[in-house]
Every structure is written in structure tokens, then in C-alpha cells.
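J.: turn this into a structure:
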Amino acid sequence: MVKRERQIANTSQYGKERYCTYTDVIKRYHQALANGYYLEAITLMESIISDRLESYLIRMTSDNKYSFNTLGQLIQGLTCIGDTHMPVSDILIWKNNRNAFLHEMAKIEDGKYRDFGTKYSDAKNCADEGYELFRKIDAICRK
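T.: The predicted structure follows:
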């Protein structure tokens, strides 16, 4: 499999494309929340958070090896470079919550039954927290 490289917004055209993509993602995120599609909203936030972290790591290291990495790999990258600006612990907590909602909706932990409706309602909080985390990460990336 060929390693894909992230498009760097180093020209006005690429910057415009990224801006349009982010605008569309955020618009769809709000539509998903309004319609009760919380798992979709979480997924959209994971994508945009990962993209911001890729951009940040590539800028900080001048190494494109972070292109199209998983959120876990990007967190490892932040840890490896000893970054003190990104809220790494907040990102890790959100990633773990995201995993629980996206991968464990049908699972039941021993002694901790929660009905599907309760789990699904709680997913909205994870989506909201993802949006706030994105805003925090984006502000750091823009400095």
C-alpha cells in the first residue's frame, strides 16, 4: 500500500480548498447534531481534529510521516516531540470516549448495563466535547 501524503495548504488554492472543506464539515456537524445523528457528529469531529493535528505535527517536525495517521498515532507524535502546547491529555480522553461510542454501542460491560437510548444520548456530549476540543486545537494551530 502506498503511503498517502497530506495536501499542505501552502498556496492560496490549497488554503481555500481546506477552508471550504472545514466549513462543510462544521456545517454537516451542526446538521448531524440537530437531527440526532450523534455518531456521525463524533466521526466528523475526529476527522477534523486529526487533520489539524496532522498539520501541526508536519509543521513542527517538517516531516510528512504524520499524513493520514490515526488519532492514536497523532497523539503519540505529540508525545514524541514533547509538545507542551497541545492539550494531549484532553485529546487522549476524548479519543477514548469516541472509541467507546463508535465501537462499543452494542457491547455490555460486566456489571455496568446501560440501555442503548442512554448510551446514544450520552454520545451527544462526546460530539459537543469534540467540537470544543477542535476549537481549542485550531486556535493553537493558528498561532
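
J.: for the longest helix belonging to the chain, packing partners?
T.: Criterion DSSP state H: the longest helix present in the chain is helix 116-142. Helix 116-142 makes packing contacts with helix 12-34, helix 38-61, helix 88-103 when contacts are defined by 3 or more C-beta pairs under 8 Å, 6 or more residues apart in numbering; DSSP states H and E. Any C-beta I mention is one placed from the backbone N, CA and C, and that applies to glycine too.

J.: look up how far residue 96 lies from the residue sitting furthest away from the middle of the chain.
T.: Distance to the chain centre peaks in the chain at residue 111, reaching 30.4 Å (criterion: C-alpha atoms, centre = their mean). Distance, residue 111 to residue 96, by C-beta to C-beta, to the nearest Å: 20 Å.

J.: what does residue 116 give?
T.: Where residue 96 is concerned, residue 116 sits at a distance of 20 Å (C-beta to C-beta).

J.: and for residue 125?
T.: For residue 125 relative to residue 96 (C-beta to C-beta), the value is 14 Å.
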